[in-house]
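J.: below: sequence and its predicted model.
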Amino acid sequence: MDVLSRELRSLADTVALAEAVAPRLRPGGVLLLVGDLGAGKTTFTQALARAYGVARPVTSPTFTLANAYPLPGGGTLAHFDLYRLATPEGLYDLGLEEALEGGARVVIEWPERAARVLDAEAPRRLTLRLALAEDGTRLATLTEE
């Protein structure tokens with residue numbers, strides 16, 4: 001299991017982490033973002049998209065549950081937010097299988113809401129845990145499974 005830990009004190013630290021993670025998330029790969037509300041999951045996804053060259057605004061798919069961003073040079077960044085997912089099986093309706101089979105780089109916020117489905121569909125994945133400290137800093141821990 002590969003581990004990378006960083007303290008994030010600023011947006012620049014988050015951007016630097018996203019730039020370090022970007023080469024590790026390959027086409028057809030999954031990055032699970034774990035953390036409480038306000039931990040920085042969407043901010044990290046925005047920085048990751050910029051690291052891949054996405055110029056358009058990246059927004060949280062809290063209400064749509066999924067957004068896709070074409071990547072310069074080909075490929076897609078698929079961003080899923082499962083906070084409002086009604087059932088784990090609903091992830092299939094959102095297009096997870098298609099995204100993985102199509103070689104998208106997949107980022108999933110609130111993956112614990114569909115853990116059983118993800119265990120079956122994405123056995124190899126990266127997990128980024130973001131913990132918010134009382135002083136406003138964040139501790140980011142990346143593991144590769």
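T.: Alright, I've got the coordinates. Numbers count the residues shown, from 1 in each chain.
J.: okay, CA-based contacts and neighbour counts for the rest of this
T.: Will do.
J.: counting by contacts, list what the helix or strand containing Leu142 packs against.
T.: In the assignment (DSSP states H and E), Leu142 maps to strand 138-144. Strand 138-144 sits against strand 2-8, strand 126-132, with contacts defined as 3 or more Cα pairs under 8 Å, 6 or more residues apart in numbering; DSSP states H and E.
J.: by how many degrees do the last one and strand 138-144 diverge?
T.: It refers to strand 126-132. Relative orientation of strand 126-132 versus strand 138-144 (axes from the mean of the first three to the mean of the last three Cα atoms, to 10 degrees): 170 degrees.
J.: show residues contacting strand 126-132.
T.: Residues outside strand 126-132 that contact it (Cα atoms under 8 Å, 6 or more residues apart in numbering): 25, 30-36, 38-41, 138-145.
J.: partner strands of the strand holding Leu142, parallel or antiparallel?
T.: Using DSSP bridges, strand 138-144 pairs in its sheet with strand 2-8 (antiparallel), strand 126-132 (antiparallel).
J.: going by mean pLDDT, which of these comes out lowest?
T.: Mean pLDDT is lowest for strand 2-8 among the strands paired with strand 138-144, at a mean of 85.
J.: and the angle for whichever helix or strand comes after it with strand 2-8?
T.: Next helix or strand after strand 2-8 toward the C-terminus (DSSP H and E): helix 11-21. Counting by the same axes, to 10 degrees, helix 11-21 lies at 170 degrees to strand 2-8.
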